[in-house]
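Participant: Build the 3D model from these lines:
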Amino acid sequence: MELKDLLEGMIKAIVDKPDEVEINLTESENTLIYELKVGEGDVGKVIGKKGKNVGSVRTLLAAATAKAGGKRALLEIIE
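Facilitator: Numbers count the residues shown, from 1 in each chain. As a prediction, this is how the structure comes out:
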């Protein structure tokens, strides 16, 4: 399973409009940037109370990329 698919699955489980979830991957020399776009009203669900949801997703993303021994991964929420 690719990291992008894992990320997409987690986000789709959180939001009300899973068909509007879109993830674009931008890759530089030592960084992977995942740009996340969700449907209207779902940004709050992705962020969660006090940022707990997005913090957890970012932690899992960092752990998965560290295990792969590769590049650093960042998650950006595009509104």
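
Participant: how would you label Gly41: helix, strand or coil?
Facilitator: coil (DSSP: H, G, I helix; E, B strand; the rest coil).

Participant: Now the residue located most distally from the centre of the chain, what are its backbone angles?
Facilitator: Distance from the centre of the chain peaks at Glu29, with 19.7 Å (Cα atoms, centre = their mean). Dihedral pair for Glu29: phi -60, psi -40, per degrees, to the nearest 10.

Participant: and Gly69, what does it touch?
Facilitator: Contact criterion Cβ atoms under 8 Å, 6 or more residues apart in numbering gives no residues in contact with Gly69. Placement of C-beta: from N, CA and C, glycine included.

Participant: Start at 453, not 1
Facilitator: Right, with 453 as the first residue, what we last looked at is Gly521.

Participant: May I see the buried residues of the lowest-mean-pLDDT helix or strand in the chain?
Facilitator: Least confident helix or strand, the chain: helix 504-520 with a mean of 89, by mean pLDDT, DSSP states H and E. Residues 505-506, 509, 512-513, 517 are the ones in helix 504-520 that count as buried (16 or more other Cβ atoms under 10 Å).
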